[in-house]
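[1] how would this look folded up:
(one chain, ligands or ions: 2)
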Amino acid sequence: MSAIERAEVLVTSPGRNFVTLKVETSDGVTGLGDATLNGRELAVASYLSNHVVPLLIGRDPHKIEDTWQYLYRGAYWRRGPVTMAAIAAVDMALWDIKGKVAGLPVFQLLGGESRIGALAYGHASGADIPSLCNSIRRHLDEGYKAVRIQTGVPGLGQIYGVATEQAEGQRYDYEPAKRAALPLEEAWDTRRYLVHVPEVFAAVRDEFGPELPLLHDAHHRLTPNEAAILGRSLERFDLFWLEDCTVAENQDALRRVRSQTLTPLAIGEVFNSVFDFKTLISEQLIDYVRAAVTHAGGITAMKKLMDFAALYQIKSGFHGPTDISPVGQAAALHLDIAIHNFGIQEYMKHSAETLSVFHTSYTFRDGLLHPGTSPGLGVDYDERTGDKYPYTAAYLPVNRLQRDGTIHDW
Ligand code: GCO
Ligand code: MG
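    Ligands and ions are numbered 1, 2, ... in the order given. Down below sits the predicted model:
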């Protein structure tokens, strides 16, 4: 019987930080899992190397469900982003191994292709409307068929989610999180924002017409009532979705938003378990599940979550910014291709530096992503190159109200 012989946590920083779990079997098969938790990376690395790796040695790599339950129930302390990112990494690595042993891409083990490709959306943004329109044009030139649009707000400075420099031809990226000892602090004013966003959508629809699927991320910054106001004011622009319109720890609050607007809603990138979605899904309070394979317990847990969502006609819109490593992105793509209730996949391209460490086999053509047909997840990790990029502390920004400096959601 094959057994897990070694497991190693690899931390690298090719442009931004990534935590990867590498699992090796006694037959010499290797699997990779993504455990990156932006801004808190070393907590997961330590959880894995100190508390999970010793439990994996000697286990049967094929027992994916049993290993998942062993790590989830066995820890006694359930859920939470650190625990669930660690479990996710083990889960992905075991699916990678199973695929390689079977000689099949992971999507074949999940039921095979349900579509020829996964519709992707990119991040278009600009400090003002003209630079946003340039960014949309660049995305369309790159083949994107759907875009998320974010802009600066008059009277406010830099806002997370909006690229600061977008020189012609330069790759857009407001990420990574700032590499600094302390988080950057940004200023916020909800009223200015609520006035500005409908103007942005009006200008973009005017320029690009009614067909282009448009998305927008409110990044948890609104109260339920403000979220309802925004949803209503955007109805006439026919959004693909409005994301994280309010914080959702209190799932009941979404009833208010839902009853007041028909704009489609997407929530869940910070969630890590099906329980975070229970009310949102069972009461059909959202339209899209935004969870990441990396943060919500891996392929095993996400497949169950999406089967639950399917009962309520809710679709996937998996989180895929550049803080999900190419391994996590590949895992999402295998699910995207296989599940019936796929909606859209976020796709912010990784930098050339990142891709010099992670060699991917997924493709992006005519706006559609495909995980490729290599056995397993289809990603290789170049350890020699990875070792050249040591970990550098980096933080996501903190948001404060412009008026009086009160810490605000973002
Ligand atoms: C998105 C997100 C990201 C997150 C980031 C945090 O919709 O893609 O909101 O940009 O903020 O992943 O680590
Ligand atoms: Mg988001």
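
[2] and the residue of the chain found nearest ligand 2, what are its bridge partners?
    The nearest approach of the chain to ligand 2 comes at Asp217, 4.3 Å away (Cβ to the ion). Using the backbone N, CA and C atoms, a C-beta is placed for each residue, glycine as well. Beta-bridge pairing of Asp217 under DSSP bridges involves Glu243.

[3] any idea how many residues pack against it?
    Using other Cβ atoms under 10 Å, Asp217 has 22 neighbouring residues.

[4] surely it meets Ile149?
    No. With contact defined as Cβ atoms under 8 Å, Asp217 does not reach Ile149; the gap is 9.2 Å.

[5] low-confidence regions, this protein specifically.
    For the chain, the stretches with pLDDT under 70 are 164-179.

[6] so Gly317 belongs to a strand, correct?
    Yes. According to DSSP: H, G, I helix; E, B strand; the rest coil, Gly317 belongs to a strand.

[7] list the residues that contact it.
    Trp241, Ala266, Tyr288, Val289, Arg290, Gly343, Ile344, Gln345, Glu346 (Cβ atoms under 8 Å, 6 or more residues apart in numbering).

[8] would you turn the residues you listed into JSON lines with distance to ligand 2 and neighbour count?
    Output for these, formatted as JSON lines (distance: Cβ to the ion, whole Å; neighbours: other Cβ atoms under 10 Å):
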{"residue": "Trp241", "distance to ligand 2": "10", "neighbour count": "26"}
{"residue": "Ala266", "distance to ligand 2": "8", "neighbour count": "28"}
{"residue": "Tyr288", "distance to ligand 2": "11", "neighbour count": "22"}
{"residue": "Val289", "distance to ligand 2": "13", "neighbour count": "28"}
{"residue": "Arg290", "distance to ligand 2": "7", "neighbour count": "26"}
{"residue": "Gly343", "distance to ligand 2": "15", "neighbour count": "23"}
{"residue": "Ile344", "distance to ligand 2": "13", "neighbour count": "24"}
{"residue": "Gln345", "distance to ligand 2": "13", "neighbour count": "24"}
{"residue": "Glu346", "distance to ligand 2": "8", "neighbour count": "25"}
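
[9] mind putting those residues in JSON lines, secondary structure and distance to Gln313 included?
    Converted to JSON lines, these look like this (DSSP: H, G, I helix; E, B strand; the rest coil; distance: Cβ to Cβ, whole Å):
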{"residue": "Trp241", "secondary structure": "strand", "distance to Gln313": "14"}
{"residue": "Ala266", "secondary structure": "strand", "distance to Gln313": "14"}
{"residue": "Tyr288", "secondary structure": "strand", "distance to Gln313": "11"}
{"residue": "Val289", "secondary structure": "strand", "distance to Gln313": "12"}
{"residue": "Arg290", "secondary structure": "coil", "distance to Gln313": "16"}
{"residue": "Gly343", "secondary structure": "coil", "distance to Gln313": "11"}
{"residue": "Ile344", "secondary structure": "strand", "distance to Gln313": "15"}
{"residue": "Gln345", "secondary structure": "strand", "distance to Gln313": "19"}
{"residue": "Glu346", "secondary structure": "strand", "distance to Gln313": "21"}
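
[10] tell me the one of those residues nearest ligand 1?
    Using Cβ to the nearest ligand atom, Glu346 comes nearest to ligand 1 of the contacts of Gly317, at 5.6 Å.

[11] what sits opposite the closest one in the beta ladder?
    Applying DSSP bridges to Glu346 gives these bridge partners: Tyr121.
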